[in-house]
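Asker: Have a look at this prediction, sequence included:
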Amino acid sequence: MGGDTVTEGTGVGIDRYLGPGTKVRRDAYFNDDAHMTSEFGVVVHCWLDDEIGMYDCYVAFFGDELPTGKPIETPYVLRYAAVGLADLDE
């Protein structure tokens, strides 16, 4: 994709507000694979959700790296609790 893959990040496991434009990483294991997979994105909107009692976010994800300049592919927007996202801007 021609972007930056960032391995550092803070805040996973901490409920906090993430402002629009915050670069984030989501780590997960898929299909019983022993290797962690990361996807990188940018927060579109974040709010305190009374139903779950924590911050919830819409994130535009770009896949395995953040693009520099205009993205080649359109990002996909998913909803995740802020507690599960690493803040790459801190």
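Answerer: Cool, got the structure. Residues are numbered from 1 along each chain as shown.

Asker: What residues of stretch 72-85 count as buried?
Answerer: Residues 75, 80, 82-83, 85 are the ones in stretch 72-85 that count as buried (16 or more other C-beta atoms under 10 Å). From N, CA and C alone the C-beta is placed, and that goes for glycine too.

Asker: In strands only, show me those.
Answerer: Counted as lying in strands by DSSP state E, out of those, are Tyr80.

Asker: How is Leu48 assigned, secondary-structure-wise?
Answerer: strand (DSSP: H, G, I helix; E, B strand; the rest coil).

Asker: you'd agree it is up against Tyr55?
Answerer: Yes. Assessed by C-beta atoms under 8 Å, Leu48 is found in contact with Tyr55 at 5.7 Å.

Asker: what touches both of the two?
Answerer: Residues touching both Leu48 and Tyr55 (C-beta atoms under 8 Å, 6 or more residues apart in numbering) are Tyr17.

Asker: More neighbours: these two, which one.
Answerer: Tyr55 (19 against 12; other C-beta atoms under 10 Å).

Asker: Listing partners with orientation, what would you give for the helix or strand where the more buried one lies?
Answerer: Secondary structure assigned from DSSP states H and E places Tyr55 in strand 54-63. Neighbouring strands of strand 54-63 in its sheet, by DSSP bridges, are strand 37-49 (antiparallel), strand 76-81 (antiparallel).
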